[in-house]
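Visitor: what's the 3D shape of this:
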Amino acid sequence: MAGTVTEVDTGIALYDQEGNPAKHAIIKVFDYRDTTLAYQTSTDDSGKYTLASLSGTYSIWAEKDSFVAYQDSVHIAKSNRNIAQDTLKKPGSIAARVTLLEGDPQTAVVVHALGTNIFANVNDSGRFELSGLGEGTYVLQLSCFLPGYTTTYSQPIHVTRGTQMEVPAPIKMLYNGIPYVAGLQGQYDTLNGVIRLRWNASHYPNFQEYVIYRRSDLESFYPFSLHFVTQDTVFNEAVDNSEMLQTTGKYQYKVFIRDKFENQGRAYGYIEIQTCPPESVYTAMTYNVRGKAKILVGQEIALVVSARNPTRTLRKITWTEESTQKILKEKILAGNSLSVSDTLRYTPFVNGDKIISTKVMDGGGSICTDSVYVSARSAYAENIYDDDAIAGVYPISIRVHESVKSVRVSMGTIVIDTIFILNSNASCTLDTRIIFPEQKVNVIILGDGKPLDSTLVLVRNIDPLIGCWVSVKDSLIHECYYADGSIESDRGISWLLGWERHGEKVYLQRAASGPVVFTPSFADYDHCSINGVDCVRIR
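Guide: All right, here's what the predicted structure looks like:
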């Protein structure tokens with residue numbers, strides 16, 4: 001509430017939310033739109049209070065039991081110190097953002113709600129929140145500890161009881177110092193051996209000139225030194241790499257503004273330019289796919305290439321299907337960027353492998369080429385790749401084309417049963433513990449009895465499959481596997497109990513001679529051949 005004193009002589013009344021007198025509430029009087037406490041008192045048993053011999057304009061704050069009341073712009077005359085009654089209400093809050101010059105930390109700002117002693121620190125993202133505010137209108141005072149900034153005041157902000165007022169537009173701190181140089185960019189022209197810098201023009205009223213400081217990588221232990229003075233917003237200089245006694249080098253630049261009084265401003269960071277001779281320039285490319293990209297026939301895949309050149313801008317990207325030399329997409333690159341990315345959406349309609357090549361042309365006309373493989377299949381395993389190392393019980397997920405009615409998976413010579421297909425997806429587990437010792441195994445996806453996909457993986461097992469192998473012919477036990485890793489060997493040919501590991505292979509000791517490698521040949525999970533003897537596994 002704002003206004004002038006009333007003609008009531010019985011004192012100032014304060015009530016709670018139920019309309020009862022607010023007993024023993026704290027009353028604080030602040031200088032108008034300031035944070036200075038001018039007077040403090042409390043209400044009596046009837047919820048009333050009086051003010052001392054105050055004269056002027058003030059803000060009056062009342063609080064009790066987390067409820068508050070606030071009156072702004074209250075004028076008190078010496079002849080009359082009574083003001084309008086008020087009611088304690090649930091507090092509200094103000095939330096907003098603060099912006100400074102680029103690079104300056106927002107945490108250097110403190111925000112006060114004038115007419116109160118409530119303040120908030122600004123966090124590193126520029127946000128702050130003033131809570132516990134009584135209903136009323138506030139002006140915020142923002143103070144920054146960094147040089148060049150002046151105290152800033154917000155527009156009046158109205159707070160409603162029990163709600164948060166979100167200020168839509170950021171509050172920009174006033175800056176009266178010499179501004180930064182904005183938009184500093186640079187690149188190295190490899191063909192001509194020239195470093196080119198540019199930046200945004202300054203509209204600072206006391207602008208005189210730009211001052212350029214430089215440091216090379218051979219001077220990285222020394223401060224930047226004055227290099228050039230100009231009134232233009234571009235700077236070019238030829239570089240002789242021989243002065244660095246190497247084929248490549250780096251230069252770091254800072255650009256400052258100097259005013260008409262010979263005062264020099266600050267710089268936000270620096271820009272680094274890498275130089276090298278033309279013959280060492282190349283464009284590096286990476287793709288978003290791993291190894292061979294596998295998809296279903298008729299399915300679209302997004303191929304993303306990222307290209308970067310250390311010194312030359314990139315001008316054009318061309319996607320080509322190698323087998324047909326058909327250009328799938330060509331894009332002219334705008335701007336002067338040293339790094340770009342582009343996406344090709346590709347859909348193969350027949351089974352088979354396709355090589356998609358990418359050519360990137362730089363500003364000097366040089367072309368670099370790389371390629372990615374796309375494999376179209378009617379069914380494929382989407383979570384295992386060539387050269388993966390798998391061990392133990394390994395789950396795989398399979399994508400299946402709608403034309404395929406049944407899917408099986410084989411691991412080497414071991415065939416897994418038919419897998420149930422649901423919504424073009426299937427899954428199974430590979431029990432790699434029967435592959436022993438470490439070896440490369442071909443995992444094959446069979447659809448309707450035909451091989452549709454295969455992946456060569458490395459099986460590394462540390463524990464054998466537990467069980468006994470019994471001869472189909474004479475029921476003799478030829479090999480027993482135990483949970484602790486020990487093996488009972490074939491007694492019929494005088495093998496000793498136990499086994500030992502050399503590197504990552506398993507050897508069985510024989511009484512009469514040295515170690516021999518034991519590699520059973522499996523027909524399926526439960527049948528194998530040990531030294532030519534057909535055996536069945538007993539669990």
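Visitor: for the residue nearest to residue 268 when sequence neighbours are not counted, give me its contacts.
Guide: Spatial nearest neighbour of residue 268, excluding adjacent residues (C-beta to C-beta, 6 or more residues apart in numbering): residue 103 at 3.9 Å. In short, each C-beta sits where N, CA and C put it, glycine included. Neighbouring residues of residue 103 by C-beta atoms under 8 Å, 6 or more residues apart in numbering: 180, 268, 269.
Visitor: now swap in residue 99 and tell me
Guide: With C-beta under 8 Å, 6+ apart, residue 99 has these contacts: 106, 126, 170, 171, 172, 173.
Visitor: the fourth one contacts residue 142, correct?
Guide: Yes - contact criterion C-beta atoms under 8 Å: residue 171 and residue 142 qualify, at 6.3 Å.
Visitor: determine the residues that are contacts of both of those two.
Guide: 98, 152, 154.
Visitor: so the first one is in which element?
Guide: For residue 98, the host element (DSSP states H and E) is strand 92-99.
Visitor: tell me the secondary structure for the most centrally placed residue in the chain?
Guide: Central residue of the chain (C-alpha atoms, centre = their mean): residue 125, 15.9 Å from the mean position. At residue 125 the chain is in coil, as set by DSSP: H, G, I helix; E, B strand; the rest coil.
Visitor: please flag which of the contacts of residue 103 sit within strands.
Guide: Assigned to strands by DSSP state E, none of those qualify.
Visitor: what's the closest of the residues you listed to residue 298?
Guide: Nearest to residue 298 among the contacts of residue 103: residue 269, at 50.2 Å, using C-beta to C-beta.
Visitor: the closest one: what's it in contact with?
Guide: Going by C-beta under 8 Å, 6+ apart, the list of residues near residue 269 reads 103, 254.
Visitor: where does pLDDT dip in the stretch 101-250 of the chain?
Guide: Scanning the stretch 101-250 of the chain for pLDDT under 70 picks out the ranges 219-220, 240-248.
Visitor: at 90 what do you get?
Guide: 101-104, 147-148, 176, 180, 182-183, 187-194, 216-223, 238-250 (pLDDT under 90).
Visitor: which parts of it are helices?
Guide: Assigned by DSSP state H, counting those that start in this stretch, the stretch 101-250 of the chain shows no helices.
Visitor: which one (most neighbours) among the contacts of residue 99?
Guide: Among these, residue 173 has the most neighbours (other C-beta atoms under 10 Å), with 23 neighbours.
Visitor: phi, psi for that one please.
Guide: phi -70, psi 140 (degrees, to the nearest 10).
Visitor: for residue 255, helix, strand, or coil?
Guide: With three-state DSSP as the criterion, residue 255 reads strand.
Visitor: check contacts around it.
Guide: Contacts of residue 255 (C-beta under 8 Å, 6+ apart): 181, 184, 197, 199, 210, 211, 212, 213, 267.
Visitor: that one bridge partners, please.
Guide: residue 212 (DSSP bridges).
Visitor: show me the contacts for residue 440.
Guide: 456, 457, 458, 459.
Visitor: do that again at 6 Å, thanks
Guide: Counting by C-beta atoms under 6 Å, 6 or more residues apart in numbering, residue 440 makes contact with 456, 458.
Visitor: how about the one 3 residues further on?
Guide: Going by C-beta under 6 Å, 6+ apart, residue 443 touches 411, 455, 457.
Visitor: please name the nearest non-neighbouring residue to the second one.
Guide: Okay, so that is residue 455. Residue 455's closest residue in space is residue 443 (C-beta to C-beta, 6+ apart), at 4.9 Å.
Visitor: could you grab the helix/strand/coil label for the one you found?
Guide: Quick answer, by three-state DSSP: residue 443 is strand.
Visitor: bridged to it, which residues?
Guide: Assigned bridge partners for residue 443, using DSSP bridges, are residue 411, residue 455.
Visitor: how about residue 92?
Guide: residue 133.
Visitor: thought it was touching residue 166?
Guide: No - between residue 92 and residue 166 there is no contact, the gap being 11.4 Å when judged by C-beta atoms under 6 Å.
Visitor: okay, those two: which has more neighbours?
Guide: residue 92 (22 against 11).
Visitor: check contacts around that one.
Guide: 133, 159, 160, 161, 162, 163.
Visitor: which among those end up buried?
Guide: 133, 159, 161 (16 or more other C-beta atoms under 10 Å).
Visitor: how about JSON lines for those, with distance to residue 291 added?
Guide: Shown next, in JSON lines, are the buried ones among the contacts of residue 92 (distance: C-beta to C-beta, whole Å):
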{"residue": "133", "distance to residue 291": "60"}
{"residue": "159", "distance to residue 291": "60"}
{"residue": "161", "distance to residue 291": "63"}
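Visitor: about what we covered before: residues contacting the closest residue in space to the residue nearest to the centre of the chain that isn't next to it in sequence?
Guide: In this structure, residue 125 finds its nearest non-sequential neighbour in residue 106, 7.1 Å apart by C-beta to C-beta, 6+ apart. Going by C-beta under 6 Å, 6+ apart, residue 106 touches 98, 100, 122, 126.
Visitor: which among the buried ones among the contacts of residue 92 gets closest to residue 329?
Guide: For those, the nearest to residue 329 is residue 159 (55.5 Å; C-beta to C-beta).
Visitor: how near is the closest one to residue 133?
Guide: With distances taken as C-beta to C-beta, to the nearest Å, residue 159 is found 5 Å from residue 133.
Visitor: and for residue 380?
Guide: 62 Å.
Visitor: do the same with residue 410
Guide: 72 Å.
Visitor: now stretch 399-406, how far from the chain's geometric center?
Guide: 37 Å (C-alpha atoms, centre = their mean, to the nearest Å).
Visitor: hmm, who's touching it?
Guide: Contacts for stretch 399-406 (C-beta under 6 Å, 6+ apart): 296-297, 378-380, 382, 407, 418, 421, 424, 426, 447-448.
Visitor: cutoff 7 Å now
Guide: For stretch 399-406, contacts defined as C-beta atoms under 7 Å, 6 or more residues apart in numbering pick out 296-297, 378-380, 382, 407, 418, 421, 424-426, 447-448.
Visitor: and those residues, which is closest to residue 235?
Guide: For those, the nearest to residue 235 is residue 382 (52.5 Å; C-beta to C-beta).
Visitor: wait, what's in contact with the closest one?
Guide: 294, 397, 399.
Visitor: would a markdown table of those with distance to residue 55 be doable?
Guide: Converted to a markdown table, the contacts of residue 382 look like this (distance: C-beta to C-beta, whole Å):
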| residue | distance to residue 55 |
| --- | --- |
| 294 | 85 |
| 397 | 82 |
| 399 | 84 |
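Visitor: among these, name the buried ones.
Guide: Here the buried ones among the contacts of residue 382, as counted with 16+ other C-beta under 10 Å, turn out to be 294, 399.
Visitor: make CSV out of the contacts of residue 106 and add distance to residue 319.
Guide: Formatted as CSV, the contacts of residue 106 follow (distance: C-beta to C-beta, whole Å):
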residue, distance to residue 319
98, 46
100, 44
122, 48
126, 42
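Visitor: any chance of JSON lines for the contacts of residue 92, columns distance to residue 358?
Guide: What follows is the contacts of residue 92, written out as JSON lines (distance: C-beta to C-beta, whole Å):
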{"residue": "133", "distance to residue 358": "59"}
{"residue": "159", "distance to residue 358": "58"}
{"residue": "160", "distance to residue 358": "58"}
{"residue": "161", "distance to residue 358": "62"}
{"residue": "162", "distance to residue 358": "59"}
{"residue": "163", "distance to residue 358": "55"}
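Visitor: identify the farthest-apart pair in the contacts of stretch 399-406.
Guide: 297 and 418 (21.3 Å).
Visitor: look at these two and report which has more neighbours.
Guide: residue 297 (17 against 13).
Visitor: pLDDT score for the residue lying closest to that one once chain neighbours are set aside?
Guide: Spatially, and ignoring its direct neighbours in sequence, residue 297 is nearest to residue 376 (4.9 Å; C-beta to C-beta, 6+ apart). For residue 376, the pLDDT comes out at 93.
Visitor: sounds good, over and out.
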